[in-house]
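Asks: Below are the sequence and a predicted model for it; my questions follow.
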Amino acid sequence: MFDKILSPEAVSEALTIMVEEMPFGLWETFYVTVVSTIAAVIIGLPLGVLLVAGEKDGILPLPKAFMHILNVVINLLRSIPFLLLMIMVFPLARLIVGTSVGTTASIVPLVIAAFPFVARLIESSLREINPNIIEAAQSMGASPIQIIIKVMIPESVPSLISNITIAITTILGYTAMSGIIGGGGLGKIAINYGYYRYKYLVMIIAVIILIILVQLFQSIGTYLAVKLDKRIKH
Amino acid sequence: MIEIKNLSKSFTTADKQISALNNIDLTIQDGDIYGIIGMSGAGKSTLVRCINMLERPTEGSVIIDGQDIGTLKESQLRKVRRNIAMIFQGFNLLMQRSCLDNICFPLELAGVKKSEAKKKALELLNIVELPDKANAYPAQLSGGQQQRIAIARALATNPKVLLCDEATSALDPKTTHAILELIRDINKRLKITVIIITHQMSVVEDICNKVAILDEGKIVEEGDVSEIFANPRSDAAKRLVFPDGSNEVLLNDTDQRQLRVVFNGALAASEPIITQMAIDEHIAANILYASTKCLGDRVYGSMILGFENDDDIIARAIAYLNKNKNVITEEVNNNV
C-alpha cells in the first residue's frame, strides 16, 4: 500500500495539496493551540494555587470538603479519554461558541481537557518552592494573598514555564485529534487526505510538520525557562 | 522588653502528643543580645517561632512591650511582625529577585512607596557592606554575603527585635565571626534587641551578654554569659561549655594529690599564678587537665593540678591559690 508513496505523481500531487492547504492549516493549528493553552492556564493557574495553598498545612487552609471535591473533579476530567470528551461536550460547545463543529468549536473540548492537566502541572511547580522562603515571608508579615502573588508564583516562574511548555505540546497533539470532529489544522489535513483519501505522503508531511512544531515550542520553552531562572549564574 | 511566660508547645502526631516546650519563662531586656542555646531537638527553633507566633504556643504567652501578641488577630499580628525581624540558617532569600528587590520586599509588603523603599534598601546595603551587590541575584553571592542581604532585608522595616535562627550555622568560622560582628554592630548602633538561637557555644561566647540553656524543652539554666561559663551547673550546660565530653580526666593510677582550680573571672594576662606559686612557695604543679576560656581579659574554666603526696604542700598550695581573687581551689579525689 505504501509502495507508490514516492511515485512522481504522488509527490507532485502532495506538493500541490501542501502549497494550497498547509499555510492555513498551520495557522489554524497554531491558533487553536495557543488560544487553548492560554485559556487552560487562566483556569488552571488559580486551581493549581488552590490545590497547594488550600491544604491543611498550606498558607490559606480551605474546608476539607471543598479540597476533596476539587481533587475529585480534576481527577475525573483528567481520566476521560480526549476523543470521548470531544463528543461529550458537543452541547456545551454549541452553547458557548454557537456551533459544535469547526475550528473554534474544537477549542472548547481542548480547554476542558487541558485545564485540569494544567492545574496539576502548576500544583507540582508550586510545591517545588522551598517552604522556608514562605516562612520567611510570613515572618515579615506577608498576608496569604501577598505570599501567593509575590512569593509563590514569581519564585516558581522557571518551573511554571517548563510545565506550561509540556502543556502546550500536549495540547498540540490534541488539536490533531480534533480534526476528526471538524476542528481545523494540520490534523484535519492529515485525516482528510491521508486517512480518507489514501494520500499517505500528505499525512506523513503533516506529521513531520507537527513534530517540528512540537520541537519549536519545546525549544522556546526550555530557552525561556533557563533564561529567566535567576538561580543559574549566566 | 520581651516576656515569655509559662510557655508550652506540644505537637499532635497521628498516635501521640509530643511536647516540644515546657513552661518556658524568660525575660529579655531591651538592648540585650540574648543567646538561647541547646542541642538539636531541644526545642530552640520552636521557641523562637513562638516569639513571632509563626508557631502558636499551646499554653502561656509572649508579651512584647506590654502587648500579649498571642491574643492578636492575624491581620494585627502581621503588623507586629514588622517589628520582629528574623534571619535564618538557610538565608531564605527570594532567589528570583535581585538583592535590592529582596531588601525592598518587606517594605513592599508594608505598602511603602517604591522610590522610598529603594532609597532605604541602598542605605541598608551600605550598612551590611555590600553596596555593589544591588543588582546581583542571591545565587551569585557566597553564603556570608547572602546572610548579609538577609540581615539588610530584616532591618528594612526598622524592627525593634532581631531573631536569629541558627543564622551562622551554615557558615565557616571566619564568616560566622564577621556576621556576628555585624549583628553586634547593629545591636549597638540601631538599638535592636537580638535573640540568637544556636547550638554553638562559640556564638554565645562571641556576642551574647545573656544566655538561656534549653534542654529537652525546658530552660535548665539562664543568666549572664560569664556566670554560666564560669560555673555551669546543669549537665546540659556542662556539655555545652565543655563539648569534649566529660571534662576533667583524673588520673587514677597515680600517687599524686590533685587540686581543682576554678577560674571565675580571674584576670588572665597579668597573673601567671601557677608559675608564681612555683617561685614564691617552691611548689611544683603538674597541669593534668585544663579547660579555660578567655572572655575579654578574664579567664573562666578549670584546671586539675597534680602535686606531690604531702599534706603540707597541699595545704600551702590551696592557701596560696585561694589568695587570688576569683579563684576557687579544692582538693579532688579520684572519683570526682
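Replies: Nice, I can see it.

Asks: What strand or helix carries B:Ile63?
Replies: strand B:59-64 (DSSP states H and E).

Asks: What are the contacting residues of that strand?
Replies: Contacts to strand B:59-64, defined as Cβ atoms under 8 Å, 6 or more residues apart in numbering or on different chains, come from residues B:1-9, B:23-24, B:50-51, B:53, B:68-71, B:80, B:83-84, B:161. For the C-beta atoms, the positions are set from N, CA and C on the backbone; glycine is no exception.

Asks: what's the spacing between the longest helix belonging to chain B and its chain's center?
Replies: For chain B, the helix with the greatest residue count under DSSP state H is helix B:173-189. Distance, stretch centre to chain centre, for helix B:173-189: 13 Å (Cα atoms, centre = their mean, to the nearest Å).

Asks: From the contact counts, what lies against it?
Replies: Here helix B:173-189 touches strand B:33-37, helix B:143-155, strand B:161-165, strand B:193-198, helix B:201-207, going by 3 or more Cβ pairs under 8 Å, 6 or more residues apart in numbering or on different chains; DSSP states H and E.

Asks: one step back: need the buried ones from the contacts of strand B:59-64 selected in ChimeraX.
Replies: To isolate the buried members of the contacts of strand B:59-64 in ChimeraX, using 16 or more other Cβ atoms under 10 Å in any protein chain shown:
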select /B:2,3,4,5,7,8,9,24,50,51,53,69,70,80,83,84,161
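
Asks: So which of the contacts of strand B:59-64 would count as near chain A as well?
Replies: Contacts with chain A within the contacts of strand B:59-64, counted by Cβ under 8 Å from any Cβ of the partner chain: B:Val80, B:Ile84.

Asks: re the thing from before, please work out which of the helices and strands packed on helix B:173-189 is packed deepest.
Replies: strand B:33-37 (a mean of 27; mean count of other Cβ atoms under 10 Å in any protein chain shown).

Asks: So which other helices or strands are in contact with the helix or strand following it?
Replies: Where DSSP H and E defines the elements, the next helix or strand beyond strand B:33-37 is helix B:44-51. Helices and strands touching helix B:44-51, by 3+ Cβ pairs under 8 Å, 6+ apart, are strand B:2-12, strand B:17-28, strand B:33-37, strand B:161-165, strand B:193-198.

Asks: Serialize those strands to a markdown table and add fields for mean pLDDT.
Replies: Formatted as a markdown table, the helices and strands packed on helix B:44-51 follow (pLDDT from 0 to 100):
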| stretch | mean pLDDT |
| --- | --- |
| strand B:2-12 | 93 |
| strand B:17-28 | 92 |
| strand B:33-37 | 95 |
| strand B:161-165 | 96 |
| strand B:193-198 | 96 |
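
Asks: Distance to A:Val72 for these - can I get that in CSV?
Replies: Listed next are the helices and strands packed on helix B:44-51 as CSV, based on distance: least, Cβ to Cβ, whole Å:
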stretch, distance to A:Val72
strand B:2-12, 28
strand B:17-28, 33
strand B:33-37, 46
strand B:161-165, 39
strand B:193-198, 43
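
Asks: Between those strands, which one is closest to A:Gln146.
Replies: Nearest to A:Gln146 among the helices and strands packed on helix B:44-51 is strand B:161-165 (20.5 Å), distances taken as Cβ to Cβ.

Asks: Give me the contacts around the closest one.
Replies: The contact list for strand B:161-165 (Cβ under 8 Å, 6+ apart) reads A:139, B:2, B:44-45, B:48-49, B:51-52, B:64, B:83-89, B:151, B:154-155, B:183, B:186-187, B:192-198.

Asks: could I get the host helix or strand of B:Met303 in CSV with only the CA atoms?
Replies: In this assignment (DSSP H and E), B:Met303 forms part of strand B:298-307. These are the backbone C-alpha positions of strand B:298-307, laid out as CSV (Å, rounded to 0.1, in the frame of the first residue of the first chain):
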residue,chain,number,x,y,z
ARG,B,298,39.2,37.5,82.2
VAL,B,299,39.6,33.8,82.3
TYR,B,300,36.9,31.2,83.1
GLY,B,301,37.1,27.5,83.4
SER,B,302,39.0,25.0,85.4
MET,B,303,42.3,23.1,85.8
ILE,B,304,43.3,20.0,87.6
LEU,B,305,46.8,20.3,89.1
GLY,B,306,48.8,17.3,90.4
PHE,B,307,51.1,17.6,93.5
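
Asks: Partner strands of that strand, with direction?
Replies: strand B:257-267 (antiparallel), strand B:286-295 (antiparallel) (DSSP bridges).

Asks: Would you state the helices of chain A in chain order?
Replies: A:8-53, A:64-79, A:82-88, A:90-97, A:103-127, A:131-139, A:144-146, A:153-155, A:157-177, A:186-189, A:200-227.

Asks: what number of residues lie near residue 112?
Replies: Unless you meant another one, I'm taking chain A. Look at A:Ile112: counted by other Cβ atoms under 10 Å in any protein chain shown, it has 22 neighbours.

Asks: if you could check chain B rather than the one you did, that'd help
Replies: Other residues lying near B:Val112 total 16 when counted by other Cβ under 10 Å.

Asks: Close to chain B: what parts of chain A are there?
Replies: Taking Cβ under 8 Å from any Cβ as the contact definition, chain A meets chain B at A:130, A:132-133, A:135-143, A:146, A:150-151, A:154-155, A:157-158, A:229-233.

Asks: Swap in 7 Å and give it another go.
Replies: A:132-133, A:135-136, A:138-143, A:146, A:151, A:154-155, A:157, A:230-231, A:233 (Cβ under 7 Å from any Cβ of the partner chain).

Asks: Tell me the first helix or strand C-terminal of the strand holding B:Met303.
Replies: Per DSSP H and E, strand B:298-307 leads on to helix B:311-322 as the next helix or strand towards the C-terminus.

Asks: and the stretch 101-250 of chain B, which residues reach chain A?
Replies: By Cβ under 7 Å from any Cβ, the residues of the stretch 101-250 of chain B that approach chain A are B:Pro106, B:Leu109, B:Tyr137, B:Ala139, B:Gln140.

Asks: Quick check: phi and psi at the nearest residue to the second one once chain neighbours are set aside.
Replies: Just to be clear, that refers to B:Leu109. Among residues not flanking B:Leu109 along the chain, A:Ala142 sits closest, at 5.0 Å (Cβ to Cβ, 6 or more residues apart in numbering or on different chains). Main-chain torsions, A:Ala142, degrees, to the nearest 10: phi -80, psi 140.
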